[in-house]
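Chemist: Sequence plus predicted model, see below.
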2 protein chains.
Amino acid sequence: MHNLAAVETPAAVVDLDRVEANLARAQAYADAHRLRLRPHIKTHKLPRFARRQVALGAVGITCQKLGEAEVMADAGIDDILLTYNILGASKLQRLRNLAHRISLTVTADNVATVQGYASAFEGAEQPLTVLVECDTGAGRCGVQTPAELVQLAHAIETSPGLTFGGIMTYPPKRRVGETAQWLAEAVNALEGAGLPPATVTSGGTPDMWSAHLADPITEYRPGTYIYLDRMQVDYGVGSLDDCALTVLTTVVSTPTPDRAILDAGSKALTTDMLGQTGFGLIREYPDAVIGELSEEHGIVDVSRCATKPTIGERLRVVPNHACVVSNLFERVQVLAPDGSVEEVPVAARGRVV
Amino acid sequence: MHNLAAVETPAAVVDLDRVEANLARAQAYADAHRLRLRPHIKTHKLPRFARRQVALGAVGITCQKLGEAEVMADAGIDDILLTYNILGASKLQRLRNLAHRISLTVTADNVATVQGYASAFEGAEQPLTVLVECDTGAGRCGVQTPAELVQLAHAIETSPGLTFGGIMTYPPKRRVGETAQWLAEAVNALEGAGLPPATVTSGGTPDMWSAHLADPITEYRPGTYIYLDRMQVDYGVGSLDDCALTVLTTVVSTPTPDRAILDAGSKALTTDMLGQTGFGLIREYPDAVIGELSEEHGIVDVSRCATKPTIGERLRVVPNHACVVSNLFERVQVLAPDGSVEEVPVAARGRVV
């Protein structure tokens, strides 16, 4: 334990009270609407916060990487949804090993992936539950029509070692009604084919407070809600005062009266813009604009600041996108309300495979 | 040792023969023009390649992070230029420890930083050599005029524990003549003040083949030249066939005839665009466009491809910007000309402080 003044910069700092408030708010919403909450851990990648999410009422967690799921299983999380087409012999072997020790569900949007699962799980003690990923408008992965969904669900259900578990979608933002209609038709089609979906899972922090409006959804998978960021504030999910992750940085140079240089560049903040002005918001200087990043420098236009930052001053930057920032730091500094700081390894960081 | 077929994706792959050719070409150029070469290791972050650069004739290496320099010193590199204003008591203590075991030079562009160095090195066995960073037009760090340079050089030279070593600049791209003029005036001013600079060091891969035209330069610090990338190809530094770093990725979905999904997203390729079309170039499908990235997915428009990628196919993507990709992978796969692959930890990755 130490305090923030002792932390070398740049550093990722997590306000614990904000995390707790963000988690509690989401769980209360899910409970009120009888939605199962299955948080996506991509944002924090910390076993402690995954366990906390489950302790507060989450039914389990969501991972997108097998390596992240393995870390979380090691940390005692026993119910994981892996929302990814897993391909290749070595990953399928890892998948089978993982399914042996926790309750594991995966997704597929194509026959080749289903065949891989079937070959890996034929003869397994427990069948592997597979959800079909549906493209409800986001234009990423997913079957394109309810008819394709039924066909793939049937292929899963008739494969040895597999069982069809329902529908997964990563929905388009701000089109909840459209997503709901897609899913309702999909559920009807499945019921008509004798394959009623036990789970209809959707996700995304931007529309989390509207999740109850997309009627057939049984489960929701927000990720960023734990930390929030400038993008989510724009979506109205919370306010800047709810943003729990900041990058602590030091002013290392003020070459001109209108320019300050931070020791946080693209390797601390990333170049994700997401429609924002600048590469992050400096809490102490909201009128400053982080207009340019090189790898280790943030170049700040302070021309509109009434008072200006000075060399050595330490500032906290709210990132545009929290998840990608978490991915850059080996450790985060967890800041308690009493000002004490605990350095925590980001155990599931860098698990690219 | 294994081969590429056994590597799980996404993975960072380094073609060793291309690395060797890129290193040799740069060293031959530097030798021909009597420039000292001091490669920036930010691009590879690998002790083995730093040692190789020195073995080929580099006078030492450049680091931007104290943590990177510590890793490289541990690996036997004994001459390091740290091109950063180092601030704060704990970092200054680390700096002094590092200077005790290798030949270390640092930079400063302001008095506060110089004062920190002086307080840390007063009474040291060897004085710390400090270069003054000059802003020759890039608009990042650096003193703004030769007069400011002389003033700061004088402050360094008269500080206990410090010695003035010369000039460092990170120059603006494609403005070699302007940089040369700035530096020539700076050298004149220093000589007039009785502070002739032993070193005038500049850098940047984009203009590396013009380094000899910026006359007062004695030393050059390219980084990306070891791997190259799409941006450097655009600058004409080399061709796509010289690009040594690729991201090996698998096609995990083909939801529509015109869309393929890769398992390489922004956590493998980053969102750096740098004026390119798409987030990387697929070697096997140069007509495909990686038009969108989410964290774990690359969304590819394959509408202009005569033949189209299929699920399970493994592809290699030339990134827009190699350095930031290196920073995302814990390990790289070093591919030898005989097809064998060695997995190498990226020892200086994630050294943010």
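Modeler: Nice, I can see it. Numbers count the residues shown, from 1 in each chain, chains lettered A, B, ... in the order given.
Chemist: ok, and what's touching stretch A:190-201?
Modeler: Applying Cβ atoms under 8 Å, 6 or more residues apart in numbering or on different chains, the contact partners of stretch A:190-201 are A:38, A:81, A:105, A:131, A:146, A:149-150, A:153-154, A:157, A:164-169, A:183, A:186-187, A:216-221. From N, CA and C alone the C-beta is placed, and that goes for glycine too.
Chemist: mean confidence for that stretch?
Modeler: For stretch A:190-201, mean pLDDT is 98.
Chemist: cool, and stretch A:121-140?
Modeler: Averaged over stretch A:121-140, pLDDT sits at 96.
Chemist: chain center to it: distance?
Modeler: Stretch A:121-140 has its C-alpha centroid displaced from the chain centroid by 19 Å (Cα atoms, centre = their mean, to the nearest Å).
Chemist: go on, stretch A:97-107?
Modeler: The answer for stretch A:97-107 is 20 Å, by Cα atoms, centre = their mean.
Chemist: residues of it that come out buried?
Modeler: For stretch A:97-107, the buried set under the neighbour-count rule, 16 or more other Cβ atoms under 10 Å in any protein chain shown, comprises A:Leu98, A:Ala99, A:Ile102, A:Leu104, A:Thr105, A:Val106, A:Thr107.
Chemist: first vs last residue of that stretch, how far apart are they?
Modeler: One end of stretch A:97-107 to the other measures 17 Å (Cα to Cα, to the nearest Å).
Chemist: So what touches that stretch?
Modeler: Identification of contacts with stretch A:97-107 by Cβ under 8 Å, 6+ apart yields A:60, A:66, A:69-70, A:73, A:77-86, A:95, A:117, A:121, A:124-126, A:128-133, A:165, A:168, A:199.
Chemist: Show the buried residues in these.
Modeler: Among the contacts of stretch A:97-107, the ones that count as buried by 16+ other Cβ under 10 Å are A:60, A:66, A:69-70, A:73, A:77, A:79-86, A:95, A:117, A:121, A:128-133, A:165, A:168, A:199.
Chemist: what's the pLDDT at the residue most central in space within chain A?
Modeler: Nearest residue to the geometric centre of chain A (Cα atoms, centre = their mean): A:Gly223, 3.2 Å. Per-residue pLDDT puts A:Gly223 at 98.
Chemist: And for A:Met1?
Modeler: Reported pLDDT at A:Met1 in the predicted model: 64.
Chemist: cool, the one 5 residues further on as well?
Modeler: The score at A:Ala6 is 94. That number is its pLDDT.
Chemist: can you tell me which of the contacts of stretch A:190-201 are in helices?
Modeler: Counting by DSSP state H, the part of these found in helices is A:Pro146, A:Leu149, A:Val150, A:Ala153, A:His154, A:Glu157, A:Leu183, A:Ala186, A:Val187.
Chemist: Tell me how many other residues crowd the last one.
Modeler: If I follow you right, that is A:Val187. 19 (other Cβ atoms under 10 Å in any protein chain shown).
Chemist: Over to the one 5 residues further on?
Modeler: The number of residues packed near A:Gly192 is 11, by other Cβ under 10 Å.
Chemist: Backbone dihedrals for it, please?
Modeler: phi -60, psi -30 (degrees, to the nearest 10).
Chemist: Which positions in the stretch 51-200 of chain A make contact with chain B?
Modeler: Residues of the stretch 51-200 of chain A lying close to chain B (Cβ under 8 Å from any Cβ of the partner chain) are A:64-65, A:84-85, A:87-88, A:90-91, A:109-110, A:112-113, A:135, A:139-144.
Chemist: Of the residues you listed, just the buried ones, PyMOL syntax please.
Modeler: Applying 16+ other Cβ under 10 Å to these leaves a buried subset, and the PyMOL line that selects it is:
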select buried, chain A and resi 64+65+84+85+87+88+91+109+110+112+113+135+140+141+142+143
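Chemist: Need the mean per-residue confidence for the longest strand along chain A.
Modeler: Counting residues, the longest strand found in chain A (DSSP state E) is strand A:245-256. Strand A:245-256 carries an average pLDDT of 98.
Chemist: who does whichever helix or strand comes after it touch, helix- and strand-wise?
Modeler: Using DSSP states H and E, the helix or strand that follows strand A:245-256 in sequence is strand A:259-262. If you count contacts as 3 or more Cβ pairs under 8 Å, 6 or more residues apart in numbering or on different chains; DSSP states H and E, strand A:259-262 packs onto strand A:245-256, strand A:298-301.
Chemist: ok, residues contacting strand A:259-262?
Modeler: A:10, A:249-255, A:288, A:290, A:297-302, A:308-309, A:315, A:317, B:139-141.
Chemist: picking up where we left off before, weed out the non-buried ones from the ones in helices among the contacts of stretch A:190-201.
Modeler: Buried members of those, counted by 16+ other Cβ under 10 Å: A:Pro146, A:Leu149, A:Val150, A:Ala153, A:Glu157, A:Leu183, A:Ala186, A:Val187.
Chemist: Distance of the fifth one relative to chain B?
Modeler: What that stands for is A:Glu157. According to Cβ to the nearest Cβ, to the nearest Å, A:Glu157 stands 21 Å off from chain B.
Chemist: do the third one as well
Modeler: Using Cβ to the nearest Cβ, one gets 16 Å for the distance from A:Val150 to chain B.
Chemist: which residue sits closest to that residue, ignoring its sequence neighbours?
Modeler: A:Ala193 (4.7 Å; Cβ to Cβ, 6 or more residues apart in numbering or on different chains).
Chemist: Each with direction, which strands does the helix or strand of chain A with the lowest mean pLDDT pair with?
Modeler: Every helix and strand of chain A was ranked by mean pLDDT, DSSP states H and E. The lowest is strand A:2-3, at a mean of 88. Applying DSSP bridges, strand A:2-3 is found paired with strand A:340-345 (antiparallel).
Chemist: Identify the residues contacting the strand it pairs with?
Modeler: Residues outside strand A:340-345 that contact it (Cβ under 8 Å, 6+ apart): A:1-4, A:6-7, A:13, A:46, A:48, A:330-336.
Chemist: what about the closest residue to A:Phe329 other than its chain neighbours, helix or strand, and which?
Modeler: In space, and not counting its chain neighbours, A:Phe329 is closest to A:Ala12: 4.2 Å by Cβ to Cβ, 6+ apart. A:Ala12 belongs to strand A:11-15 when elements are defined using DSSP H and E.
Chemist: now that strand against strand A:340-345, angle please.
Modeler: Orientation of strand A:11-15 against strand A:340-345 (axes from the mean of the first three to the mean of the last three Cα atoms, to 10 degrees) gives an angle of 120 degrees.
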